[in-house]
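Enquirer: Quick one, fold the following:
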Amino acid sequence: LGENLFYGVLPGSIGTLENLVFLDVSDNSLIGSIPESIWNLPDLADIWLDHNGLTGSILNDLGALQNLKSIDLSFNDLEGDIPESLWELPNLEFIILKENEFTGIIPSSVGSLTNLIHIDIGFNNLSGELPPEIGMLPELQVLDLDGNDLDGFLPEEIGDLQQITRLVLSDNEFSGPFPLNLTNATTLAFLDLSVNNLFYPIPEEIENLSNLHYLSLSHNNFSGEIPPEIGNLPNLQKLYLNYNNLTGAIPTALENLSNLEWIYLNNNNLSGSIPPELGNLSNLEYLHLSGNSLTGSIPSELGNLHELEQLMLGINQLSGALPPELGNLTDLKIIFLAFNQLTGCFPPEYEIFCTNIHPNNANFQGNPGLPGGGDFEAFCDTGAGNCNYTITGDVVYDQNLNCQQDTLEEGLQNWMVAANSVTGDFYGWTDSSGHYTIYAAPGFYQMDLVFPGPYWEENCTGDATVFIEEGVNYEVVDYYPEALIECPFLTVDISSPFLRRCFDNYSVVQYCNNGTAPAEDAYIEVIFDELLTVDSATVDFEVGDDNVYLFNVGNVGVNDCGTFIIYTYLSCDAILGETICSEAHIFPDSLCQEISPEWSGATVEITGECTGEEVKFTVRNTGSGDMLMDGSYIVIEDGIILYSEPQPFILPSGDDFDLNFEANGSTYVCQATQVANHPINFLPTASIEGCGTNDDGEFSTGFVTQFPEGDGAPFLSIDCQEVIGAYDPNDKNGYPKGVGEERFIDVGQDVEYRIRFQNTGTDTAFTVIIEDVLSSHWDMESLRLGASSHPYELEIRGDDTLRFVFNNILLPDSTANEPASHGFIKFKISQQPELPLGTIIENEAAIFFDFNEPVITNTTVHRLGEDYLGVVGVNSPVIPGLEVSVSPNPFSETTSIYLSGIEFEEAQLTLYNAQGMLVDQQSFSTNKYSLNRGSLAGGIYWFEITLDGEKGYFGKMVIN
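Expert: Numbering: from 1, shown residues only. The predicted structure is shown next:
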C-alpha cells in the first residue's frame, strides 16, 4: 500500500492478519501511533512505515517478531528509546530509523545481529559511545549514524567490517584519532567522519582504502600535513578536508586522482604554492582552497580545468598577476579570488566571466594591487582595469630643461596624473621612483599633470591626448615638470587619532616641500591647549612661552617630506566632549607666486580668549596695507548667529577692534571675510569653548568642530578634536562635521577626512589596507594628503577609489599592546565646482587587516546649504531707548516681558527654538505681556520683539 494517498491512523485490526509477512504503507499521510497489535504478528518479515507522520514510541514487544528481516520507520516523528528487544531479533538485515526523535544508546547486543546488512539511524538523538561489538557484523555494508549525539573514541573494531561500503558517522561528538584499523576496511566506497572532534594527523595508511570514491573528514581538528598517500586512491571523486588545522603544502600527488571532481581544502593552515599539477585533473568541477596561507602566483595550468564550475582561492596570500588562461574556464559559475595580494590588471580573457557568472559570484575584492582593489564590476561595465587599456609613464624633475631624465634627475613621488574624458576620469599616483599606472576604460583621454604646488610648470609633454581601444596594450605618457619659480613651498599637517583624558596621547606632525627649491633652516612652531602636557617627541624641541614648542627640521629638499611624533598627556580636568585644539605653523612661510595687483595688502585675522568674565574676540588687520572696502563678521553662539545680518567693518593696517560677550558657558565662534584678491584662501575664524558656565554649572560642547578651523594657509594646520571616552576604534570623520543634525556646510567648503583603525584581532597585523570610495561630488585632483600614524603607499583606482596600503606595518593586537594597536590617516579634498544646494555627500571606508573580511566604517554625511544657521540677536535693542526685561528667566510655566523707554501701539513677539526655527508668534499692545509655555519643550529659545512693524529687540530665554 506504499506511495498512495492514505491518511488517518493505522487501524489496529491489521494485527488480526495472522499470516501477514510483508507490510508496506510507506509514503502516505498516516498519523498517530503504531498499533500495538502489529508487534504480535509472528510471521511478519518486513515492516515499512517510513515517510509518514507517525508519532509516539515503539513498544518493547518486538520480541515476538522473530522472523523480522527489515524494519523501516524513517522520516516520521517517533520518539523515545529504541527498545532493547530490537537488538535481539536474530534475522534482522535492515534497520532504518532515520529522521525521527529516537533516544537511547546502541547496545553491545548489536554484535549478535550477524545477519545485519544495513543500519541507518541518522538524525536522531542517540547518545553514548559506539560499542566495539559493532565490528562483529560480518555482513554489514551500510552504517549511517550521522546527526546524533554519539561521543567517545571511534572503536578500532570498526575496521573489522569486511563488507562495509558506506560508513557515515558525521555530525556527532566523536573525538580521538582516526582509527588506524579502519584503513583495513578496503571495501569502503563512502566514508564520512565530518563535523566531529577528531584530531591528530590523518594516517598515511588511508591509501589502503582504494575503493573510496567519497572521503569527508571536514570540520574536525585534524592536524599535520595532508598525507601524499591520498594520491593513491584511484577511484576518489569527492575529497573534503576543509575546516581542520592541516598544515604544510598541498601534495602534488593529488594529480594522480584522475577521477576527482571536488576538492575542498579550504579553511586550514596550508602554506606554499598551489601545485600546477592540479591542472591535470580534467574532471575537476569544484576547487576550494580559500582561507589558508597559500603564497605564490595562481598557476596558469588551472586554465586546463575545462569542467571547473567553482574556483575558490580567496583569503590567502597569493600574489602576482591574474593568469589569462583562467579565461578558458567557460563552465565557471563562481570565482572567488578576494583578499589576496594579486597585482596588475584584468586580462581581457576575463570578459567571458562578465556574461557567464552572476556579478555576486565573481569576487576579486581585497586585492590592493588590482584596479579598484579588485573592482570586477567596473571591468565588466566600462572595461576599467583591462590589461589592454593601460596608460603608464614617469614624472621626472627636469632641472636642465632637456625634456628627458638624466642621471642625477629623480622621479617625483606622490604626484597625480589624470586621464580626463567625457565618459569618466581615471587617476594615477606616482610611486617612489616617479612611475604611475592608470587602468582606464576604452575612450579618448586628455592627460593632465596635477601640480602639488604653485611654482611648477610642464612644457615638454604639454596637453597630451590618448585614445584607448581594444588591441592597444598600453600608452606611455611621460612628464618633465620644471620650475616656474625657484622657491620652496612648505606645507604642514598635525593630527591625533583621538584624545582621551587621564591618558597618554600623541600627535603626528607631517611636513613637505612641494616647491621647486630646497627650504633652508626650516622649523615648526606647535601650540598646544593648556590641558595638554608635552612629555617627549621623536625629534629635539625647544619650549617657549604659552605652550609653544619649537621643532627645528633643518633643510627640506624638493619633493621631500618628514614626520615626527609628539607624545602628550591630557589632563583629567578635561571633560568628555570638550574640544582640544593643536596648531602647527611651518617656517619659512613666505610665498613667491605673483601677487594680484588688486590686493590691498591687508590681511584679516581673528584671535579669541576667555578673560574669565568675558569672551573676547579681536579682529585685526595684520597686513601691510589698509582695507579698501568693508568686510563683515558674524558671531555664532551655540550654533545661532547673534546678529540678524553680518556686521560690516573696515580697518587700516595694524588696527583692530574687540567683540565682548558674556562668559556664560556657551560656545562662541567668530568668522570674518578675508579681503579681496588675498594670495591665501583662508577664512579668518576663532572659537572659544568652556568660558564660564551656564545655570547648571556646565558649558556647551560639540559646536567647535561643526565649523571650519581656519587653517587654509598651506603652512598652517589646526587640529581640533573632542575628548572621547568609549568609541568605535575603526571609524571615519569629516571636518568640519557640519551644522546641526543634517550636517550643513557651505558650497565650496573643503573637508578633511580622518580614518582611524585598530587591530582588535588576536595576532599582529602585517598589512593594513584602507579603501575609500569617494563620492562623485569630490574633486579627485584636489586631493591633499595629511598626517598619518604609519608610512603607507597610496594607489588611486578608477575615478573614485583611494587605497592606502600599510605594508609590513606590524600592528600589534589590542591585547598585546593596546596603545600601539591604533593607527590613522588624514587627507583633505575639495568639492566639485558648482554643486547645487541640497547636495548630500556621503562617504565610508573599508579597512582590511591582513586577509580578513573588511571592517566597514560609519558613513559620514555632509549637506550643502546656505542660511542654515538660526539668526537671532544678542540681548540688545535695535530701537534706541527701548529697554526690555524678562522675568523670571529661566521659567517653568509663565514669564513676563516688560517694555519701557518708548511708546508703541502694537508689539509682536516672535519665538525661535535653538535651531533658529520659528515656533510661535503673538501680538500684544501693553508694556507688560505674560507668556505661557503651553506645549513648548524645555530648552533655549530666542525671541524678537517688533514695535509697530520695526524690529526693536533680540534676546534669549530659557524654559525649564
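Enquirer: C-alpha only now, for contacts and for neighbours.
Expert: Noted.
Enquirer: how close does residue 81 get to residue 205?
Expert: 38 Å (Cα to Cα, to the nearest Å).
Enquirer: Repeat that for residue 217.
Expert: In this view, residue 217 and residue 205 are 15 Å apart by Cα to Cα.
Enquirer: How about residue 467?
Expert: Using Cα to Cα, residue 467 is found at 63 Å from residue 205.
Enquirer: who's more crowded, residue 217 and residue 205?
Expert: Using other Cα atoms under 10 Å as the criterion, residue 217 and residue 205 rank with residue 217 on top: 23 against 15.
Enquirer: Would you confirm that that one contacts residue 240?
Expert: Yes - using Cα atoms under 8 Å, residue 217 is in contact with residue 240, at 5.9 Å.
Enquirer: how deep is the closest residue to residue 681 other than its chain neighbours tucked in, by neighbour count?
Expert: Spatial nearest neighbour of residue 681, chain neighbours left out: residue 712 (6.1 Å); criterion: Cα to Cα, 6 or more residues apart in numbering. Neighbourhood size, residue 712 [other Cα under 10 Å]: 16.
Enquirer: Mind checking what secondary structure residue 712 has?
Expert: coil (DSSP: H, G, I helix; E, B strand; the rest coil).
Enquirer: I'd assumed residue 685 was in contact with it.
Expert: No - using Cα under 8 Å as the test, residue 712 is too far from residue 685 to be in contact (10.7 Å).
Enquirer: Might you list the low-confidence residue ranges for the stretch 401-550 of the chain?
Expert: 470-474 (pLDDT under 70).
Enquirer: Where do the helices of the protein begin and end?
Expert: Counting by DSSP state H, the chain has helices at residues 351-356, 376-382.
Enquirer: Other residues contacting the longest one?
Expert: Yep, that's helix 376-382 we're talking about. Helix 376-382 is contacted by residues 346, 351, 354, 359, 362-365, 384-386, 441-442 when judged by Cα atoms under 8 Å, 6 or more residues apart in numbering.
Enquirer: Look up how far residue 955 lies from residue 924.
Expert: In this view, residue 924 and residue 955 are 17 Å apart by Cα to Cα.
Enquirer: I misspoke; the intended subject was residue 567.
Expert: Using Cα to Cα, residue 567 is found at 45 Å from residue 955.
Enquirer: Looking at those two, which has the bigger crowd around it?
Expert: Neighbour totals were compared for residue 567 and residue 955, and residue 955 leads with 20 against 16 (other Cα under 10 Å).
Enquirer: For the more buried one, give its distance to residue 909.
Expert: 11 Å.
Enquirer: Report the set of residues contacting both of these two.
Expert: Residues touching both residue 955 and residue 909 (Cα under 8 Å, 6+ apart): 943, 944.
Enquirer: tell me, how many neighbours does the nearest residue to residue 14 once chain neighbours are set aside end up with?
Expert: Among residues not flanking residue 14 along the chain, residue 38 sits closest, at 6.5 Å (Cα to Cα, 6+ apart). Residues within reach of residue 38, counting by other Cα under 10 Å, total 24.
Enquirer: cool, and residue 898?
Expert: Residues lying near residue 898 (other Cα under 10 Å) number 15.
Enquirer: which residues does residue 699 contact?
Expert: Applying Cα under 8 Å, 6+ apart to residue 699 gives the contacts 664, 665, 666, 667, 689, 690, 691, 692, 693.
Enquirer: OK, contacts around the fourth one?
Expert: To tie it back to what came earlier, the one meant is residue 667. 636-638, 687-691, 699-701, 703-704.
Enquirer: will you turn those residues into JSON lines that also has pLDDT and distance to residue 270?
Expert: As requested, these are exported to JSON lines (pLDDT from 0 to 100; distance: Cα to Cα, whole Å):
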{"residue": "636", "pLDDT": "89", "distance to residue 270": "62"}
{"residue": "637", "pLDDT": "88", "distance to residue 270": "62"}
{"residue": "638", "pLDDT": "86", "distance to residue 270": "59"}
{"residue": "687", "pLDDT": "94", "distance to residue 270": "58"}
{"residue": "688", "pLDDT": "94", "distance to residue 270": "59"}
{"residue": "689", "pLDDT": "94", "distance to residue 270": "57"}
{"residue": "690", "pLDDT": "92", "distance to residue 270": "58"}
{"residue": "691", "pLDDT": "93", "distance to residue 270": "62"}
{"residue": "699", "pLDDT": "92", "distance to residue 270": "58"}
{"residue": "700", "pLDDT": "90", "distance to residue 270": "57"}
{"residue": "701", "pLDDT": "91", "distance to residue 270": "53"}
{"residue": "703", "pLDDT": "92", "distance to residue 270": "53"}
{"residue": "704", "pLDDT": "93", "distance to residue 270": "53"}
